[in-house]
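Colleague: sequence and predicted structure are below.
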Amino acid sequence: MQETKKRARFVIVKCPDCSTEQTVFERASTIVACRICGSTLATPTGGTAKFRAQILRSADNAVQS
């Protein structure tokens, strides 16, 4: 039986302080701050990041230019 690896993805999150939406990598390796107010949105854990922000949706189906 072959194991299926879960692929990392980008997610769109909403800042809890200023309600700005921002795209964040699900497995962030550094602290991710809001680009507007500087609030911490995600912290690294060695795997999937711990999100302080609300995850709205996956950005996998975003339109590419």
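Modeller: On my side now, so go ahead.

Colleague: beta partners for the most centrally placed residue in the chain?
Modeller: Centrality entry for the chain: nearest residue to the mean C-alpha point is Val24, 3.3 Å, by Cα atoms, centre = their mean. In this structure, Val24 bridges to Val11 when assessed by DSSP bridges.

Colleague: remind me which residues of this protein are low pLDDT?
Modeller: Along the chain, the model assigns pLDDT under 70 to residues 1-6, 61-65.

Colleague: neighbours around Ala33, how many?
Modeller: 14 (other Cβ atoms under 10 Å). Yep, even glycine has a C-beta here, placed from its N, CA and C like the rest.

Colleague: mind checking how far it is from Asp17?
Modeller: Ala33 is 11 Å from Asp17, where distance means Cβ to Cβ, to the nearest Å.

Colleague: circling back to that earlier point, and the residue nearest to the centre of the chain, how far is that from Ile55?
Modeller: Distance, Val24 to Ile55, by Cβ to Cβ: 9 Å.

Colleague: okay, and the common contacts of those two?
Modeller: Common contact partners of Val24 and Ile55 (Cβ atoms under 8 Å, 6 or more residues apart in numbering): Val11, Ile12, Val13.

Colleague: of those, which is the most crowded?
Modeller: Val13 (23 neighbours).

Colleague: tell me the contacts of that residue?
Modeller: By Cβ under 8 Å, 6+ apart, the residues touching Val13 are Glu21, Gln22, Thr23, Val24, Leu41, Ala42, Phe51, Ala53, Gln54, Ile55, Leu56.

Colleague: drop anything exposed from those residues.
Modeller: Gln22, Val24, Leu41, Ala42, Phe51, Ala53 (16 or more other Cβ atoms under 10 Å).

Colleague: closest to Arg7 among those?
Modeller: Taking Cβ to Cβ as the measure, Arg7 lies nearest Val24 of the buried ones among the contacts of Val13, at 15.7 Å.

Colleague: what's the following helix or strand after the host helix or strand of Ala42?
Modeller: Ala42 is part of strand 40-43 when elements are defined by DSSP states H and E. Remark: after strand 40-43, the chain's next helix or strand is strand 50-51, criterion DSSP H and E.
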